[in-house]
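Visitor: Quick one: sequence plus predicted model below, questions after.
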Amino acid sequence: MAETLPIGKALNTGLRRAMERDPKVLVMGEDVGKLGGVFRITDGLQKDFGEDRVIDTPLAESGIIGTAVGLAIRGYRPVCEIQFDGFVYPAYDQIVSQVAKMHYRSKGNVRLPMVIRIPFGGGIGAVEHHSESPEAYFAHTAGLKVVSCANPDDAYWMIQQSIESDDPIIFLEPKRRYWEKGEVNVDSASLPLHASRVARPGTDATVIAYGPMVRTSLDAATAAAEDGRNIEVIDLRSLSPLDLTPVYASVRRTGRAVVVHEAPVNLGLGAEIAARITEECFYSLEAPVLRVGGFDTPYPAARMEEEYLPDLDRVLDAVDRSFGF
């Protein structure tokens, strides 16, 4: 059975399903209860599950994650909301020093089944600390798994799969896409949590993206089709571990690859993906692997963010440059 839902509502419904199935699932964060979260992702959950399972915390991200570590050790499955991407840094010490290390430190005897939800990326006209893309920090950290949904079906299933996982997972939500609608198959998930997918088949070039840039890349592929270019778009979905098997297969067919992300290009995830494509597909490449991303500056004021964010034209420009080799 399929339902049409926006991404935000799909996340809400997925959280609800997980809480109905397992009484050990808790939701905690700033304003997640009575308010339902600043983006209303947890709307109605406290009313239905009570204040003991949907917990309004103090404004202290380190405290939220530290408390969740203790709960996870005691057998609970906490889902922590970091209100905005740029607010995660006070919790970074807890995430890197405790969350990522506990299983290894205990020789595999302690699991931390917890999910840290982070709305990330720009495009909402917000001030600094509300529009950042911190994924590379976490994907680089051994012991963490990092995923990002890009459509309502993935939002619905990936949040449930993340909660069911025994590993700590950073769950990145493309906040400017919260209101975009799509079909959700509520009967079964189409893919495992850490699998990438071909979002649009093509033959001429491969565009690789995740999170908010998947929609941008699909729009670029539609525009490119008007010029006779058939662009394949791959949604990574999982940033750590990376599932690049579909990417390699695509690049071997097309000979061209462009990696798109909103985070700055310098030392971003695109660098790792480009390196792996070069290692695996060197003799298939007709051009260097190109990257499209944010600039190497702090996120700008809202009135300038359209100049900062990668858009359809910048993706198409990279595709054109690839064909120029």
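Guide: Cool, the structure landed.
Visitor: Using PDB, write out every CA atom in stretch 266-275.
Guide: Presented in PDB, the C-alpha positions along stretch 266-275 are these (Å, rounded to 0.1, in the frame of the first residue of the first chain):
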ATOM      1  CA  ASN A 266      37.800  21.000   0.300                       C
ATOM      2  CA  LEU A 267      38.200  17.700   2.100                       C
ATOM      3  CA  GLY A 268      34.500  16.900   1.600                       C
ATOM      4  CA  LEU A 269      32.900  13.500   1.000                       C
ATOM      5  CA  GLY A 270      33.300  14.100  -2.800                       C
ATOM      6  CA  ALA A 271      37.100  13.800  -2.500                       C
ATOM      7  CA  GLU A 272      36.800  10.300  -1.100                       C
ATOM      8  CA  ILE A 273      34.300   9.300  -3.700                       C
ATOM      9  CA  ALA A 274      36.400  10.700  -6.500                       C
ATOM     10  CA  ALA A 275      39.500   8.900  -5.200                       C
END
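Visitor: How about residues contacting it?
Guide: Contact with stretch 266-275 is made by 135-136, 139, 208, 210, 239, 242, 244, 247, 257, 259-261, 263, 265, 289, 291-293, 296, as judged by C-beta atoms under 8 Å, 6 or more residues apart in numbering. C-beta here means a position set from N, CA and C on the backbone, and glycine is covered the same way.
Visitor: can you rerun that using 10 Å?
Guide: 133, 135-136, 139-140, 146, 208-210, 236, 239-240, 242, 244, 247, 257-265, 288-296 (C-beta atoms under 10 Å, 6 or more residues apart in numbering).
Visitor: Tell me the buried residues in the strand or helix carrying Ser62?
Guide: Here Ser62 sits within helix 61-73, counting by DSSP states H and E. Going by neighbour count (16 or more other C-beta atoms under 10 Å), the buried part of helix 61-73 is 61, 64-69, 71-72.
Visitor: Other residues contacting that helix?
Guide: With contact meaning C-beta under 10 Å, 6+ apart, helix 61-73 is reached by 24, 26, 28-30, 32, 55, 57-58, 60, 76-83, 87-95, 98-99, 102, 106, 110-116, 166, 168.
Visitor: if you set the cut-off to 6 Å instead, what comes out?
Guide: By C-beta atoms under 6 Å, 6 or more residues apart in numbering, the residues outside helix 61-73 that reach it are 57, 78, 80, 87, 90-91, 94-95, 98, 112-114.
Visitor: from the residues you listed, which single one is nearest Gly182?
Guide: Cys80 (26.0 Å; C-beta to C-beta).
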